[in-house]
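Peer 1: Any chance you could fold what I've pasted below:
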Amino acid sequence: MFAQTGIGARINGMANTGVAVSDVWSVYYNQAGLAQLTNLQFAANFENRFMVKELSTKSIAAVIPVPRGTFGVSYSSFGYSLFRQNRVTLAYAMPLGNVISPGIQLNYFYYKSSKTQNTAMVLIPETGIQIFPIKNLTIAAHVFNPAVQKITNTDSEQIPVIFTFGFLYKFGTTALLTSQIQQNSINGTSYSLGIEYLLLSQIALRTGFAGNPTGTFFGIGYRNKGFGFDLAANYHPLLGYTTSGAFTYIFNKKTDAN
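Peer 2: Next up, the predicted model:
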């Protein structure tokens, strides 16, 4: 639960295959992706997991470029009145020339159970890298919880160490293909593949497939200058549908990353 992936409707529509993507929601997938963003950005996302309101997540994020890199901040809240988990993040990424970009992030997790009056909090680091060996190709790696942190007042409850490796390839300016494999110390190995295709200059269609857990993903996005709106849905064969929607605004937008 502490590794809250699945945030950001654009990446949701590509099966949450975000390790090699450069996007405002890279704060949840791979902070190295922030290094390619050169404009101030703000985004908000809502996810309704399996169409159960008690499993919904509300998130906001911002990208703040500075002369020597890019900062990212975010806040998310998962759950309902009897159980709630909040997450606050601070990230920084910096391009090292034109070939490599590293990123790092510190996460503060806090959760509270109103029924039992139990609370817990923990700080978890994560770090990632993106490499650009040739034009249009990104290779990326990311690790969540490399320090093997535990919940501060519950030693018996583990927080997973998650390592992700993947790539992204852009077919000109009209399409991209991205794939990743992820090793979770608790849930084992998973894999995913995502595709984005620009049907028109302002409309993007997305799809993706994932294994462990198995899922089929779909999404659509609209862009007009700095304004963006994304919708996504995925289907789990046992638990049903999860839907998400996101709003993004990029200030003084001139170019896209990926």
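
Peer 1: Please make it C-alpha for all contacts and neighbour counts, starting now.
Peer 2: Noted.

Peer 1: tell me the mean pLDDT over stretch 51-59?
Peer 2: Across stretch 51-59, the average pLDDT comes to 87.

Peer 1: Please apply the same query to stretch 84-95.
Peer 2: Here the average pLDDT along stretch 84-95 is 93.

Peer 1: Which helix or strand contains Phe71?
Peer 2: Using DSSP states H and E, Phe71 maps to strand 69-80.

Peer 1: Asn48 against Thr57, yeah?
Peer 2: Yes. If you go by Cα atoms under 8 Å, Asn48 and Thr57 touch, sitting 6.7 Å apart.

Peer 1: Comparing these two, which residue is more hemmed in?
Peer 2: Neighbour totals were compared for Asn48 and Thr57, and Thr57 leads with 23 against 19 (other Cα atoms under 10 Å).

Peer 1: dump the residue contacts of that one.
Peer 2: Shown in contact with Thr57 (Cα atoms under 8 Å, 6 or more residues apart in numbering): 46-49, 76-79.

Peer 1: are any of those residues buried, and which?
Peer 2: Taking 16 or more other Cα atoms under 10 Å as the criterion, what is buried in those is 46-49, 76-79.

Peer 1: Which elements pack onto the strand holding Phe71?
Peer 2: Counting contacts by 3 or more Cα pairs under 8 Å, 6 or more residues apart in numbering; DSSP states H and E, strand 69-80 packs against strand 56-66, strand 83-93.

Peer 1: Nearest to Glu196, out of these?
Peer 2: Minimum separation from Glu196 across these (Cα to Cα) falls at strand 56-66, 22.0 Å.

Peer 1: Okay, now the sheet partners of the closest one, with direction.
Peer 2: According to DSSP bridges, strand 56-66 has the following sheet partners: strand 41-48 (antiparallel), strand 69-80 (antiparallel).

Peer 1: The ones you listed into a markdown table, with extra columns for mean pLDDT and distance to Ser190?
Peer 2: Output for the strands paired with strand 56-66, formatted as a markdown table (pLDDT from 0 to 100; distance: least, Cα to Cα, whole Å):
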| stretch | mean pLDDT | distance to Ser190 |
| --- | --- | --- |
| strand 41-48 | 95 | 21 |
| strand 69-80 | 92 | 23 |
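
Peer 1: Ile250: which of these is closest?
Peer 2: The nearest among the strands paired with strand 56-66, by Cα to Cα, is strand 41-48 at 4.5 Å.

Peer 1: chain center to that closest one: distance?
Peer 2: 11 Å (Cα atoms, centre = their mean, to the nearest Å).

Peer 1: show me where the stretch 151-258 of the chain has strands.
Peer 2: Secondary structure of the stretch 151-258 of the chain (DSSP state E, counting those that start in this stretch): strands at 162-171, 175-184, 188-198, 203-211, 215-224, 227-236, 240-250.

Peer 1: Thanks a lot, catch you later.
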